[in-house]
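Novice: requesting a structural model of the entry that follows:
(one chain, ligands or ions: 1)
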Amino acid sequence: MLRWVCVLVLVFVTACAHPKPYKPAKKGPGKDFGGVYHVIEKGQTLWRISRAYGVDLETVQWVNDIDDVTSIPIGKKLFIPGAKKVLKVVPYRPGEVDPLVASPTINFLWPLKVPISSGFGPRRNKNHHGVDLPAPNGSKFVASAGGRVAYSGQGMKGYGKVIVLKHTGELSTVYAHNSTNLVRMGDRVVKGQVIGRVGKTGWATGPHVHFEIRKRGVAQNALNYLR
Ligand SMILES: [Zn+2]
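Specialist: Down below sits the predicted model:
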């Protein structure tokens, strides 16, 4: 009898000392649609991973809620939507040019498909930092690329109601003089999503979107980025 009690106690103690491995409940995008989790190894950039799987970089970024693509920790589990199995990704070698670091490969959309009324560069003794896209008051315009709303309000002098979106590769886009901003700070937006309505708030003589593409905060000629 005592022997059996000892055995039982031993079994109990063993069970307590070796609990079953804890499995977290499956959360995130994986439960909604197919895909695999790729664990990031040294030298695997988001660009390389997306290219290896044939998945759009911005989609991977969006699904995984990544703000800064240039600093993703090794060991992070990245959800790859639509992938059937985990693939080998050739790591980045020093000296090699990675497009994501060298020149971001975002294909920007026109926020409005209209002829520009004023281009980038010197204008009336000042520098015009964007391109002007005229359209009737209240017309909808879209996000030029996917990203996060870094600013939505009217705190930028002369810009009226303005939206600033933050994208991959230290790029941002600016949409000014709006009659209505349809997104709020912190929102995630996808490329082509309607984000506001045309107006002439701020320093504007007629309704238009003043559109800027900035790199590290410095205005670029948007025409070099638009498709
Ligand atoms: Zn302008």
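Novice: make it CA atoms for all contacts and neighbour counts henceforth
Specialist: Will do.
Novice: quick check: bridge partners of the residue nearest to the spatial centre of the chain?
Specialist: Per CA atoms, centre = their mean, the C-alpha nearest to the average position across the chain is that of G147, at 3.4 Å. Judged by DSSP bridges, the bridge partners of G147 are V189.
Novice: quick one: name the residues of this protein near the ion.
Specialist: Counting by CA under 5 Å from the ion, the chain comes close to the ion at 132, 210.
Novice: give the contact list for the residue in the chain positioned nearest to the ion.
Specialist: Of all residues in the chain, H210 sits closest to the ion, at 4.1 Å by CA to the ion. For H210, the contacting residues are 130-133, 174-177, by CA atoms under 8 Å, 6 or more residues apart in numbering.
Novice: pLDDT-wise, which helix or strand of the protein ranks last?
Specialist: With mean pLDDT, DSSP states H and E as the measure, the helix or strand of the chain carrying the lowest mean pLDDT is helix 99-102 (a mean of 48).
Novice: where does this structure dip in pLDDT?
Specialist: Within the chain, the segments meeting pLDDT under 70 span 1-33, 67-71, 94-105, 227.
Novice: hmm, back to that, mind telling me what element the residue of the chain closest to the ion is part of?
Specialist: Under the criterion of DSSP states H and E, H210 resides in strand 208-215.
Novice: following the chain onward from that strand, which element is next?
Specialist: Counting by DSSP H and E, the next helix or strand C-terminal to strand 208-215 is strand 218-220.
Novice: got the contact list for that next one?
Specialist: Taking CA under 8 Å, 6+ apart as the rule, strand 218-220 contacts 129-130, 212-214.
Novice: apply 7 Å and report the result again.
Specialist: Residues from elsewhere that reach strand 218-220 (CA atoms under 7 Å, 6 or more residues apart in numbering): 129, 212-214.
Novice: for N107, state which of those is nearest.
Specialist: Nearest to N107 among the contacts of strand 218-220: I213, at 11.9 Å, using CA to CA.
Novice: name whatever forms a beta bridge with the closest one.
Specialist: Applying DSSP bridges, one finds that I213 bridges with T173, Q220.
Novice: show me what contacts it?
Specialist: 172-174, 219-220, 222 are the contacts of I213 under CA under 7 Å, 6+ apart.
Novice: likewise for S117?
Specialist: Contacts of S117 by CA under 7 Å, 6+ apart are 132-134.
Novice: ok so, going back, who wins on neighbours among the contacts of strand 218-220?
Specialist: Neighbour counts for these peak at I213, which has 27 neighbours (criterion: other CA atoms under 10 Å).
Novice: out of the contacts of H210, which are inside strands?
Specialist: 131-133, 174-177 (DSSP state E).
Novice: okay if I get the residues you listed as TSV plus neighbour count?
Specialist: What follows is these, written out as TSV (neighbours: other CA atoms under 10 Å):
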residue	neighbour count
V131	21
D132	22
L133	22
V174	23
Y175	31
A176	32
H177	28
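Novice: for the residues you listed, which one is nearest H167?
Specialist: Distances from H167 to the ones in strands among the contacts of H210, taken as CA to CA, are shortest for V174 (11.2 Å).
Novice: the closest one reaches F211, doesn't it?
Specialist: Yes - using CA atoms under 7 Å, V174 makes contact with F211 at a distance of 5.5 Å.
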